[in-house]
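Colleague: Structure for this input, please:
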Amino acid sequence: MKVLIVGGGGREHALAWKISQSPRAKKIFCAPGNAGIAQLAECVDIKDKNIPAIIDLVRREKIDLTVVGPEVPLVAGLVDALEKEGYPVFGPRQRAAEIEGSKVLAKEIMHKYAIPTARYAVFDSAHQAKDYIKQLGGPCVIKADGLAAGKGVIVAGDEQTALAAVNDIMESKIFGAAGQRVVVEECLRGEEVSMLAFTDGEHVVPMLAAQDHKQVYDNDTGPNTGGMGAYAPAPVLSPELRQQVLEKVMIPAVRGMAAEDRPYRGVLYAGLMMTEQGPQVLEFNARFGDPETQPLLMMLESDLVDVMEALLAGELYKVDLRWYDGACVCVVLASGGYPGSYGKGEVITGLDNLPENVVAFHAGTAFKGSQVVTAGGRVLGITARAEGIPEAIELAYQGVSRVKFSGMHYRKDIGKKAINK
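Modeller: Down below sits the predicted model:
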């Protein structure tokens, strides 16, 4: 069969890497792809937001399965457009993807269907949001309502920071139209963890727990990023807690979305805070996480194409996900200046000198002649699988030590919380 992957980041490289291992995937295309994906797939220079061009590509190449990676084309309705043309596509439809596209909708779904989450209020007026923050007095979280590439959440430790966040989001419009409304919510304390699950709209099959590292610097300091590294499985989510999240978060969310005429099919991602009161939902995402996908797919033993086809057929109950023993760690290498402004075009060396069981998943890369160069903020995800978290950390950083490009920076504490457990 012919498979098209939509997107061009580290998540999409991991999808291409895993799908290429399926004996059923005879040919893989990617739009737009990157330098790493180009080693596994035919990259087509079409932006992931260009829905008409993607439909033309699917029609022209007679694609059997389209897999949509990023949130922007999902929220824009790419799945609906392909389904309307009769093409099989993996990912939630537009109305379902709004659980990520609107923080307000996500909170309303959680509130209505008794899914544990922080108390919150919604504002479309900066003045009213500031008045509310002054009443709260303590730490709080300010969220832009719309999509902001994983950076639209500001954790404010004090009132002054919270008020400045409202100014930035609603008045300075640092996230554009995404900041027309904000959610202000109480600040939950605890350790963050991600649970991703496959769902066909009725059945829910969870993946391993994973932990992302959002802040740019060690010890969770500095501004938020799209994610500086991840590992799986995350011991903070014990088997008992994993079952609790399945029963109290994932299944109610899928049922709630169905009841709201937003049937959900694809990957549902819950960002959780492990509080003293138990797991509480910080946010929902409507797709595979990035960088969580990199370690999760390296740990997945099952054929991903089989899983996706069973899901599309409404037969997910037939799937028994198989996972490799051990653990997997991904360390993101970023361009100098990221998550602020950064340059491009720096030559990357060392990619052909990685240890065994280490994969360099490309995110922001491109070709300049025969050389691989930087082309984004997050450049590579050096990902290692080993018998346990400590061994996987050591192996991943061995891989990191062999890769070089000007301005490269990365966190040196990915997976540390798991060892402390």
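
Colleague: what kind of secondary structure is the nearest residue to residue 364 once chain neighbours are set aside in?
Modeller: Take residue 364 and drop its neighbours on the chain: the residue closest to it by CB to CB, 6 or more residues apart in numbering is residue 376, 1.8 Å away. The way it works is simple: take the backbone N, C-alpha and C, and place the C-beta from them, glycine included. Look at residue 376: counting by DSSP: H, G, I helix; E, B strand; the rest coil, its state is coil.

Colleague: dump the residue contacts of residue 376.
Modeller: Going by CB atoms under 8 Å, 6 or more residues apart in numbering, residue 376 touches 9, 335, 344, 363, 364, 365.

Colleague: Which strand or helix spans the residue in the chain sticking out farthest from the centre?
Modeller: Relative to the C-alpha centroid of the chain, counting by CA atoms, centre = their mean, residue 135 is the outermost residue, at 33.7 Å. In the assignment (DSSP states H and E), residue 135 maps to helix 126-136.

Colleague: Now find how far off-centre the following helix or strand past that helix is within its chain.
Modeller: Using DSSP H and E, the next helix or strand after helix 126-136 towards the C-terminus is strand 140-144. Distance of strand 140-144 from the chain centroid (CA atoms, centre = their mean, to the nearest Å) equals 19 Å.

Colleague: Between helix 126-136 and strand 140-144, find me the angle.
Modeller: 160 degrees (axes from the mean of the first three to the mean of the last three CA atoms, to 10 degrees).

Colleague: Each with direction, which strands does strand 140-144 pair with?
Modeller: Strand 140-144 pairs in its sheet with strand 153-156 (antiparallel), strand 182-186 (antiparallel), by DSSP bridges.

Colleague: Can you list the low-confidence ranges for the stretch 251-400 of the chain?
Modeller: Applying pLDDT under 70 to the stretch 251-400 of the chain flags no residue at all.

Colleague: And the strands in it, which stretches?
Modeller: 266-275, 278-285, 327-334, 358-362, 365-368, 371-374, 378-386 (DSSP state E, counting those that start in this stretch).

Colleague: which stretch among the ones you listed comes nearest residue 164?
Modeller: strand 278-285 (21.2 Å; CB to CB).

Colleague: Only the buried residues of that closest one, if you could.
Modeller: For strand 278-285, burial by neighbour count (16 or more other CB atoms under 10 Å) applies to 279, 280, 281, 282, 283, 284, 285.

Colleague: just those now: which is nearest residue 181?
Modeller: Within these, distances to residue 181 taken as CB to CB reach their minimum at residue 283, with 15.1 Å.

Colleague: and that closest one, what are its bridge partners?
Modeller: Beta-bridge pairing of residue 283 under DSSP bridges involves residue 271.

Colleague: The nearest residue to residue 15 once chain neighbours are set aside in helix, strand or coil?
Modeller: Sequence neighbours aside, residue 5 is the residue nearest to residue 15 in space, at 5.3 Å (criterion: CB to CB, 6+ apart). When classified by three-state DSSP, residue 5 comes out as strand.

Colleague: what's the neighbour count on residue 5?
Modeller: Around residue 5 sit 27 other residues, with neighbours defined as other CB atoms under 10 Å.

Colleague: pretty sure it contacts residue 20?
Modeller: No - Residue 5 is beyond contact range of residue 20, at 10.1 Å (criterion: CB atoms under 8 Å).

Colleague: Please identify every residue contacting each of those two.
Modeller: Applying CB under 8 Å, 6+ apart, one finds that residue 5 and residue 20 are jointly contacted by 28, 41.

Colleague: in stretch 30-48, what counts as buried?
Modeller: Buried positions in stretch 30-48, judged by neighbour count with 16+ other CB under 10 Å: 30-38, 40-41, 43-44, 46, 48.

Colleague: Please disregard the earlier target; I meant stretch 248-260.
Modeller: Buried, per 16+ other CB under 10 Å, within stretch 248-260: 248, 249, 250, 251, 252, 253, 254, 256, 257, 260.
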